[in-house]
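Enquirer: sequence unknown, structure follows:
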């Protein structure tokens, strides 16, 4: 199957995925959900991904990926259609998040594994860069669509539009066969359990680093709309601010080949985490749209290169026949934190946004320093 067809179809689904992140937050605020209730709603989107990401990855190693992608995308679309028919009910949002999380994890893990499968060792980093670039484009388009649909139509229409994007890509994947990569006898290894992969010597740092990166991205996607809504900004303006972050992601990934010629992957990730840490530190002090746009852009530059590099690291260090499962474990680590943090910070909301943003500052500083510290010692 053509690589660029895969990227385009996953782009359509990612528009619905990225759009839903901001839409469920704004819908919950519109329905006057309490901070604790909103935290639970956001966390439930990570429940099944946390529990099933590894299993979904194992499935993608063993059965036809196009069927998994079709099931995941069509199921996610049906989940997004629910608020159109059952609106003004917070419990419907709970059901949507649980259902959407179940189906989207099939899609995310399978698509990442598929990109690696249709690539070679020579072009895998480049292809993952293009794939994550398409995710950034979706992160640009999704919030703009959601903000416009809410302000000019209704929250229900926004859900319907996002559902159509997911349904379209799922139906196409249903009828496109994908040949699985053959594993040679030299590549065949013994079965590995979940714990064996989780504590694999070469994978432990990959999982921790990936979890930190994706936690930062997730917390920004969840709490930046809440923070800007508390400032009285419209849905359209919030959508534009989130899209500015996506523009920076796109720019950073276009610059990634240049950075890789100058620095190692560890240096890039460590430096980007420190840049993002500074941005999170200043975030709760900023209340004007121009400065919020600037911080959103810098955040995108800081985290933009990290995701494709962490995916490549996970894929390249995976034992033969376990690439999908390793990518799934990578997401399990991330989703476990994303499930815990919204509930935790929703229940201690009296501490304000300082606690949320400074949690990320501390996390990024510690992680960035731990990555760069061995490099400093090796030079001495």
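Expert: Yep, it's here. This one's a predicted model, so the numbers in the text were calculated from it and none came from an experiment.

Enquirer: drop to CA atoms for contacts and neighbour counts, all remaining ones
Expert: Will do.

Enquirer: How much space separates residue 34 from residue 129?
Expert: 39 Å (C-alpha to C-alpha, to the nearest Å).

Enquirer: who has more neighbours, those two?
Expert: Each of residue 34 and residue 129 has its neighbours counted (other C-alpha atoms under 10 Å); residue 129 has more, 23 against 14.

Enquirer: Beyond the strand or helix carrying that one, next helix or strand please.
Expert: Of the helices and strands defined by DSSP states H and E, residue 129 is found in helix 124-152. As assigned by DSSP H and E, the chain's next helix or strand after helix 124-152 is helix 155-174.

Enquirer: which residues are in contact with stretch 357-369?
Expert: Defining contact as C-alpha atoms under 8 Å, 6 or more residues apart in numbering, one finds that stretch 357-369 is touched by 209, 212, 216, 269-274, 276-278, 280-281, 283-284.

Enquirer: list the buried ones in the helix holding residue 129?
Expert: Residues 124-150 are the ones in helix 124-152 that count as buried (16 or more other C-alpha atoms under 10 Å).

Enquirer: which other helices and strands contact it?
Expert: helix 3-30, helix 90-117, helix 155-174, helix 235-262, helix 306-316 (3 or more C-alpha pairs under 8 Å, 6 or more residues apart in numbering; DSSP states H and E).

Enquirer: swap the cut-off to 7 Å and go again
Expert: Judged by 3 or more C-alpha pairs under 7 Å, 6 or more residues apart in numbering; DSSP states H and E, the packing partners of helix 124-152 are helix 3-30, helix 155-174, helix 235-262, helix 306-316.

Enquirer: ok, and the most crowded of the contacts of stretch 357-369?
Expert: That'd be residue 273 among those, by other C-alpha under 10 Å, with 30 neighbours.

Enquirer: What's the mean pLDDT across the helix or strand it falls within?
Expert: Following DSSP H and E, one finds residue 273 within helix 265-282. Average pLDDT, helix 265-282: 83.

Enquirer: What mean pLDDT does the helix holding residue 129 get?
Expert: 81.

Enquirer: what distance separates it from the centre of its chain?
Expert: Using C-alpha atoms, centre = their mean, to the nearest Å, the distance from the centre of helix 124-152 to the centre of the chain it belongs to is 11 Å.

Enquirer: any weak-confidence spans in the stretch 1-150 of the chain?
Expert: 1, 53-54, 57, 60-61, 121-122, 125 (pLDDT under 70).

Enquirer: Give me the buried positions along stretch 241-254.
Expert: Those buried within stretch 241-254 under the rule 16+ other C-alpha under 10 Å are 241-254.

Enquirer: Check pLDDT for these and point me to the minimum.
Expert: Comparing the buried residues of stretch 241-254 by pLDDT, residue 253 comes last, at 75.

Enquirer: residue contacts, that residue?
Expert: 129, 133, 304-305 (C-alpha atoms under 7 Å, 6 or more residues apart in numbering).

Enquirer: what kind of secondary structure is residue 88 in?
Expert: Put simply, residue 88 is coil when judged by DSSP: H, G, I helix; E, B strand; the rest coil.

Enquirer: Nearest residue to it in space, please, no chain neighbours.
Expert: Ranked by C-alpha to C-alpha, 6 or more residues apart in numbering and with sequence neighbours excluded, the top spatial neighbour of residue 88 is residue 31, at 6.7 Å.

Enquirer: I'd like to know how many residues surround the one you found.
Expert: Residue 31 has 12 nearby residues by other C-alpha under 10 Å.

Enquirer: Now it, what are its backbone angles?
Expert: Residue 31 adopts backbone torsions of phi -90, psi 10, taken as degrees, to the nearest 10.

Enquirer: ok, it to residue 269 distance?
Expert: Counting by C-alpha to C-alpha - residue 31 and residue 269 are separated by 39 Å.

Enquirer: picking that back up, now the angle from the helix holding residue 129 to helix 235-262?
Expert: 170 degrees (axes from the mean of the first three to the mean of the last three C-alpha atoms, to 10 degrees).

Enquirer: report the angle between the axes of helix 124-152 and helix 3-30?
Expert: Using the same axes, to 10 degrees: helix 124-152 against helix 3-30 is 40 degrees.

Enquirer: what sits against the closest residue to residue 105 other than its chain neighbours?
Expert: Leaving aside its chain neighbours, residue 105 sits nearest to residue 49 (5.3 Å; criterion: C-alpha to C-alpha, 6+ apart). Shown in contact with residue 49 (C-alpha under 7 Å, 6+ apart): 101-102, 105, 332, 335.

Enquirer: can you redo those as TSV with neighbour count?
Expert: Listed next are the contacts of residue 49 as TSV, based on neighbours: other C-alpha atoms under 10 Å:
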residue	neighbour count
101	25
102	26
105	30
332	25
335	25
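
Enquirer: now, which of these sits nearest residue 154?
Expert: Checking the contacts of residue 49 against residue 154 with C-alpha to C-alpha, the nearest one is residue 101 at 23.2 Å.

Enquirer: Residue 52 versus that closest one, what's the distance?
Expert: 10 Å.

Enquirer: do residue 12 as well
Expert: From residue 12 over to residue 52 (counting by C-alpha to C-alpha), the distance is 23 Å.

Enquirer: Right, I'll call it a day here.
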